[in-house]
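[1] need coordinates for the below:
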Amino acid sequence: MTEHWRPLAAMLALALAACGAEPSTPPVASGGGNTLAMPERALLGTAEVEASVVPTARISEAAARQYGIDRGDDRVLVLVSVRDGDATPPVTVTGHARDLRGMRQSLTFAAVTVDGQIDHVATARASGPDTLRLELEVAGTDGVRTVLRFSREIPR
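    Numbering: from 1, shown residues only. Got it, this is the predicted structure:
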């Protein structure tokens, strides 16, 4: 597995754990809700953008430290990875999340280096059962932009 796919592997580890299969090096704790781990994808020029949402309570302590987030039953991690081959092009990630009650939260993304690759992480408040609707904008330094609009079910 090449280095640039490690964030995707982390999210797939959650999906495998949720399905009962044992991942080789799980960065997240096992649990249900494998639809959360399914990444949303878009293109930014020639780069691939992937966004995933995972309840922070299901993330291992080691992964939480690595991403610089606090775990909790009322929070989700929003992880955005941008890869152009083995490179992680410089981007700015902004966005917001809205729950079923219409409560809007601005997401503040931080760039985090994990295994030599840059990921962009933010947390949002979410208590299940609920649905979060996310709108994320990813902008490259060359002015190219893409918007990801998707929703994720937040389990109890």
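[2] SS state for the nearest residue to residue 68 once chain neighbours are set aside?
    In this structure, residue 68 finds its nearest non-sequential neighbour in residue 112, 6.1 Å apart by CB to CB, 6 or more residues apart in numbering. (C-beta placed from N, C-alpha, C; glycine too.) Three-state call for residue 112 (DSSP: H, G, I helix; E, B strand; the rest coil): strand.
[3] run a quick neighbour tally on residue 112.
    By other CB atoms under 10 Å, the residues close to residue 112 number 15.
[4] from residue 88, how far off is it?
    Noted for residue 112: a distance of 11 Å to residue 88, by CB to CB, to the nearest Å.
[5] any shared contact partners between the two?
    Shared contacts of residue 112 and residue 88, defined by CB atoms under 8 Å, 6 or more residues apart in numbering, comprise residue 118.
[6] related to what we said a few turns ago, and the residue nearest to residue 68, what is it in contact with?
    66, 67, 68, 118, 119, 120, 121.
[7] helix/strand/coil for the first one?
    What that stands for is residue 66. Criterion first, three-state DSSP; result for residue 66: helix.
[8] distance check, it against residue 123.
    Distance, residue 66 to residue 123, by CB to CB: 14 Å.
[9] which of these two has more neighbours?
    Applying other CB under 10 Å to residue 66 and residue 123 shows that residue 123 carries more neighbours, namely 22 against 18.
[10] what about that one, which helix or strand?
    Using DSSP states H and E, the element containing residue 123 is strand 117-125.
[11] can you name every helix or strand that that strand contacts?
    Packing contacts for strand 117-125, counted by 3 or more CB pairs under 8 Å, 6 or more residues apart in numbering; DSSP states H and E, involve helix 6-19, strand 75-83, strand 91-98, strand 104-108, strand 110-114.
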